[in-house]
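Asker: what's the 3D shape of this:
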Amino acid sequence: MLHLLECHLCSDAMRQRHPAEKAFFSGGLLLACLLLPPPGPALVLLTVMVATRVWAGIPARVFARTLLIPLGFILLGTVPLLVSVTFEPQGISLAWVPGQIPAAGHLLQRALAAAACLCFLTMTTPVMDWLPLLRRLHLPAAVVDIMLVLYRMLFVLAERFSSIRYAQESRLGYSSIRNTFRSSGLTGANLLVFSLKRAQAMEQGMLARGYDGDIRTLPPERRASSRVLLTTALAGCVISLVTLGVRRLLA
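Answerer: As a prediction, the model looks like this:
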């Protein structure tokens with residue numbers, strides 16, 4: 001999944017756009033999603049999906065697969081709203097609460113729309129484009145460097161995990177429940193040792209290249225388009241007006 005996202009980051013139609021444009025678009029819609037009542041979050045989700053397909057040129061199935069990752073956590077937080085837990089002398093009693101269905105639906109809608117805004121930003125803005133923007137926002141250099149190193153380590157560990165998994169499957173390491181637990185434990189131990197050695201090697205390599213506490217990069221010269229920023233603000237206003245109009249009609 002990480003490699004799929006990285007491929008789209010380097011090839012989508014918004015690759016050469018200024019990161020401030022995409023941050024303003026995602027941040028503005030995220031703010032509207034958090035502040036507007038229903039059906040505001042649904043309109044935000046629809047807007048993000050259209051922008052992802054039309055503006056960024058990312059296939060809908062790729063965006064849907066990316067959105068499935070936070071959807072699992074959202075469902076885990078929504079389902080408990082529909083269940084009432086009662087502690088009685090006879091034991092624990094679970095009961096279905098149908099009156100909480102509207103509240104759970106609103107929560108699911110709002111959380112999914114917010115996750116879609118963040119997924120849009122993640123799928124259209126490479127990490128290297130974030131560095132100069134974060135520095136301009138006066139984020140500490142140590143925090144920016146840690147983000148960059150962790151992002152790099154994610155791909156290194158993902159590649160290592162794939163190699164270990166392929167080798168274990170070739171040796172029937174997951175043929176039974178016992179073998180699955182054993183293989184999973186060996187994988188975790190191997191990744192822990194590998195990550196520590198890789199981090200030490202990376203630190204030595206950076207020191208050998210004169211690292212003084214700040215990873216310096218040369219960002220490309222880009223200018224934020226005022227037309228894009230104005231269109232984003234206009235989209236937020238339209239979503240707000242439509243939401244308030246629908247609320248008034250249903251009142």
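Asker: the stretch 101-250 of the chain: helices as residue ranges?
Answerer: Ranges of helices in the stretch 101-250 of the chain, per DSSP state H, counting those that start in this stretch, are 101-124, 127-136, 141-170, 177-208, 226-250.
Asker: pull out the buried residues from the third one.
Answerer: The reference is to helix 141-170. For helix 141-170, burial by neighbour count (16 or more other Cβ atoms under 10 Å) applies to 144-145, 148, 160, 164, 168. (Glycine included, C-beta is placed from N, CA and C.)
Asker: report the angle between the axes of it and helix 127-136?
Answerer: Orientation check (axes from the mean of the first three to the mean of the last three Cα atoms, to 10 degrees): helix 141-170 against helix 127-136 gives 160 degrees.
Asker: now do the longest one
Answerer: For helix 177-208 and helix 127-136, the angle between their directions (the same axes, to 10 degrees) works out to 60 degrees.
Asker: gap between the spatially most central residue of the chain and residue 68?
Answerer: By Cα atoms, centre = their mean, the mean C-alpha position of the chain lies nearest to residue 119, the distance being 4.7 Å. Going from residue 119 to residue 68 by Cβ to Cβ, to the nearest Å gives 10 Å.
Asker: then residue 157?
Answerer: Separation of residue 157 from residue 68 (Cβ to Cβ): 21 Å.
Asker: coming back round to it: right, so the helices of the stretch 101-250 of the chain: which one is the most enclosed?
Answerer: The highest average neighbour count among these, using mean count of other Cβ atoms under 10 Å, belongs to helix 101-124 at a mean of 19.
Asker: where in the stretch 101-250 of the chain is pLDDT low?
Answerer: Applying pLDDT under 70 to the stretch 101-250 of the chain flags the ranges 213, 217-220.
Asker: ok so, going back, let me know the pLDDT of the closest residue in space to the residue nearest to the centre of the chain that isn't next to it in sequence.
Answerer: Nearest residue to residue 119, sequence neighbours excluded (Cβ to Cβ, 6 or more residues apart in numbering): residue 66, at 5.1 Å. pLDDT for residue 66: 84.
Asker: same check, this time on the one 10 residues further on
Answerer: In the predicted model, residue 76 carries a pLDDT score of 86.
Asker: list the buried residues for stretch 21-35?
Answerer: 21-26, 28-30, 32-33.
Asker: and what of stretch 75-84?
Answerer: residue 78.
Asker: contacts for it, please.
Answerer: Residues from elsewhere that reach stretch 75-84, judged by Cβ atoms under 8 Å, 6 or more residues apart in numbering: 94-98, 100-101, 103-104, 107-108, 111.
Asker: can you rerun that using 10 Å?
Answerer: The contact list for stretch 75-84 (Cβ atoms under 10 Å, 6 or more residues apart in numbering) reads 93-101, 103-109, 111-112.
Asker: what are the phi and psi angles of residue 95?
Answerer: In terms of degrees, to the nearest 10, the main-chain angles of residue 95 are phi -140, psi 140.
Asker: quick check, it in contact with residue 88.
Answerer: No. Residue 95 is beyond contact range of residue 88, at 11.2 Å (criterion: Cβ atoms under 10 Å).
Asker: would you mind giving the buried residues of stretch 21-35 as a markdown table with pLDDT and distance to residue 132 added?
Answerer: Formatted as a markdown table, the buried residues of stretch 21-35 follow (pLDDT from 0 to 100; distance: Cβ to Cβ, whole Å):
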| residue | pLDDT | distance to residue 132 |
| --- | --- | --- |
| 21 | 85 | 14 |
| 22 | 85 | 14 |
| 23 | 85 | 12 |
| 24 | 88 | 16 |
| 25 | 89 | 18 |
| 26 | 89 | 17 |
| 28 | 89 | 21 |
| 29 | 90 | 23 |
| 30 | 91 | 22 |
| 32 | 89 | 27 |
| 33 | 88 | 27 |
